[in-house]
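Trainee: With the input below, show me the fold.
(chains A and B)
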Amino acid sequence: MRKRAIAASILSSAAVLVVGWQLGAPSAVMTSVPSASSGGGTSAGPSTAGSSSAGAGSAPAATSAPAAPSGTFVGSSTSTRFGSVQVQITVAAGAITDVTALKLTDADGRSVQISNRAAPVLRQEVLAAQSARVSTVSGATYTSEAYLTSLQSALDQAGL
Amino acid sequence: MTVHQSSASSGAPTTSVPDGASGAGRGAPSPVARARRIRTRRRLRAADILVTALVTSVALAVALYLAYGGLNDVTDVASAVTALGVVTGLVGTDLILVMLVLAARIPLIDRTVGQDVAMALHRRLGKPALYLILAHGVLLTLGYALSSGVDVVAETVSLFNTPDLAFAYLGVGLLVAVVVSSLVAVRRRFPYEAWHAIHLLSYAAVLVALPHQLSAGGVLADGTVQRVYWLALYVLAFGAIGWFRFVLPVIRSYRHGITVSGIETIAPGVVSIHLTGRDLDRLQTAGGQYAIWRFWTAGTWWHAHPISFSSVPTRSSARITVRDLGRGSRELGRVPVGTRVSIEGPYGLFTDAARTSPHLAVVAAGIGITPIRSLLEHSTLSRGEATVLLRGTNESQSYLWNEVGALSRTAGSAIYSMIGPRPRGVDTWMSAEAISAGVTISSVFPRLTDSDLYVCGPQAWTDLVVRDAKAAGLADRQIHVERFDW
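Mentor: Take a look at the predicted model:
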């Protein structure tokens, strides 16, 4: 009887693990996308988006004159293993007036928390430094690096 | 002769150890034997299912992480450490919830394996669960620190500032207090009540850890099946504890209105407490069971005592017998008549329902006689079916023996007593005199391998009886033990 319990335990545990592993395999993405991440992602937005005041008609780089560019520029989407990051900058007469995070690392609840903490800090630093050469936020290295990479591509588009 | 027939046995063997031949009804399997076999098979199957469910719950905890896709994130050392940290947290918490279920005194578990066996497992899981939770904290801190490129202290500070994490740290602290206070060496220094109060903190520990499980990780994120399953586990564990340990005992105590009707000293330091109440037969107590009693006087209400029924309750009365093993139980001998008594139970599988074999072998020592007394009262025994050995260090420990004689005489069972101290330096449960006379467990119980053996006495002594019985070839399911050490 004991042996039967052991056999049954092994069988059912193995079955449960295999099913779990199958569900979590890369092909079955749907199960591994927690809806919290989208909620977290949008909650990450307001902290930066709130001050971006309706990013004016998304103007491509070409429309602005080389001398003193103005408009909004969307940086490249940079992926990390905690999710991808993409920022948009608002430029007025060659100066960065706002940075808006369009996407932030949101692979899980913790990533969302890290993003929420890091994004405002990075925005402040970038606005102060007027460049992507700012220090990363500790404990949010991946997010910071991706943020600044995306920012740099936006700056490149703006010709800054 | 040290093993001699007790004063009262009628058609029974000689005054020496019986060496066979006392004619029990054997032959074709009786309806009783058939019913017993079916009941045993069912019980063992249920036990298998419970064990399987327990092991599977651990696998499910790991599967939650796999289904979430956790493995896809494992790319380097840091992420591997992080993944391990998440899994240890899930498994550790699952084990703690299992421990709560085991301690909830769920009737199904008590009927299937016995509450004492469930609690033995509960105790064995304590340390592994704590180690897993500690590993969870350490590994995640390390994993996050590695992936963020900061030192462990900075990472700890940043974790502390993450929402709900402070509560999680509090939970770990409580858990450490609970487990440390339960280590045998530490536990002996505390009065039972202090230990129990600390132990109740484990409920708080598991509850304060819940928020961070739901918010900080992606595994149990909002809207996932994983989250529903996990919350169901919490509801099951806390629901079982709340219902079976708090609500049901209150209802039962109120319904039966039990009070003390008399205290009878039956030996030095041993009292029988006579109880009266309404519809006590509805408790459906089986002989050999115990209940957890609380006597509502100023000096005793805060201590609940597990005490065996020393006779099967009637409609309006019940009797329990207790020896003063500590300050708490000594005071029970002084509670006034009319004291209100609340009851949790009855519990225990030390009953006729656990029988598997055609014969019955019973060994009792000291206060261990109490469940034996009600077990025999409740059993329907054919002539010669039971052999009873009563063991005491001296004559003062022979309380209730006369009652056992009176009961068994009607059933035509053989009753022996063995009185005298154990020999020095020998690991045995028998008296020195019996040893020198060449008595063994098989000579006392000639049909031992065809019997159910019921043993009740001090734990160390009981272990020795069980050791001898196993050496004589008795299977585990034929051995029934009531533990009194908790």
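Trainee: Now the residue nearest the centre of chain A: closest residue in space that isn't a chain neighbour?
Mentor: Centroid-nearest residue in chain A, with C-alpha atoms, centre = their mean: A:Leu104, separated by 1.7 Å. Nearest-residue entry for A:Leu104: A:Ser115, 3.8 Å, with adjacent residues in sequence omitted and distances by C-beta to C-beta, 6 or more residues apart in numbering or on different chains. Backbone N, C-alpha and C define where each C-beta goes, glycine included.
Trainee: ok, and that neighbour, which helix or strand is that part of?
Mentor: Take DSSP states H and E as the rule and A:Ser115 turns out to sit in helix A:109-129.
Trainee: Let me know the average pLDDT across that helix.
Mentor: Helix A:109-129 comes out with an average pLDDT of 85.
Trainee: which helices and strands does it pack with?
Mentor: helix A:35-49, strand A:95-103, helix A:141-158 (3 or more C-beta pairs under 8 Å, 6 or more residues apart in numbering or on different chains; DSSP states H and E).
Trainee: Now do the helix of greatest length in chain A: distance to the chain's middle.
Mentor: Using DSSP state H, we find that the single longest helix of chain A is helix A:2-24. Averaging C-alpha coordinates over helix A:2-24 and over its chain gives two centres that are 37 Å apart (C-alpha atoms, centre = their mean, to the nearest Å).
Trainee: Mind giving me the packing neighbours of that helix?
Mentor: Helices and strands touching helix A:2-24, by 3+ C-beta pairs under 8 Å, 6+ apart, are helix A:29-32, helix B:31-68.
Trainee: what stretches of chain B score poorly on pLDDT?
Mentor: Within chain B, the stretches with pLDDT under 70 are B:1-29, B:217, B:326-328, B:408-411, B:484-486.
Trainee: ignore the last one, chain A
Mentor: Along chain A, the model assigns pLDDT under 70 to residues A:1, A:26-67, A:81, A:108-109, A:138-139.
Trainee: looking at it, B:Glu433 is touching B:Gly420, isn't it?
Mentor: Yes. The criterion here is C-beta atoms under 8 Å, and B:Glu433 meets it with B:Gly420 at 4.9 Å.
Trainee: Run a quick neighbour tally on B:Val157.
Mentor: Neighbour count of B:Val157, defined by other C-beta atoms under 10 Å in any protein chain shown: 12.
Trainee: go on, B:Val235?
Mentor: 10.
Trainee: next one: the one 5 residues further on
Mentor: Other residues lying near B:Ala240 total 19 when counted by other C-beta under 10 Å.
Trainee: For B:Leu207, see how far away it is.
Mentor: 15 Å (C-beta to C-beta, to the nearest Å).
Trainee: Neighbouring strands of the top strand by length along chain B in the sheet, and parallel or not?
Mentor: Secondary structure of chain B per DSSP state E: the longest strand is strand B:258-267. Strand B:258-267 sits in its sheet next to strand B:270-276 (antiparallel), strand B:340-347 (antiparallel), going by DSSP bridges.
Trainee: Output the ones you listed in JSON lines; the columns should cover mean neighbour count.
Mentor: Formatted as JSON lines, the strands paired with strand B:258-267 follow (neighbours: other C-beta atoms under 10 Å in any protein chain shown):
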{"stretch": "strand B:270-276", "mean neighbour count": "20"}
{"stretch": "strand B:340-347", "mean neighbour count": "20"}
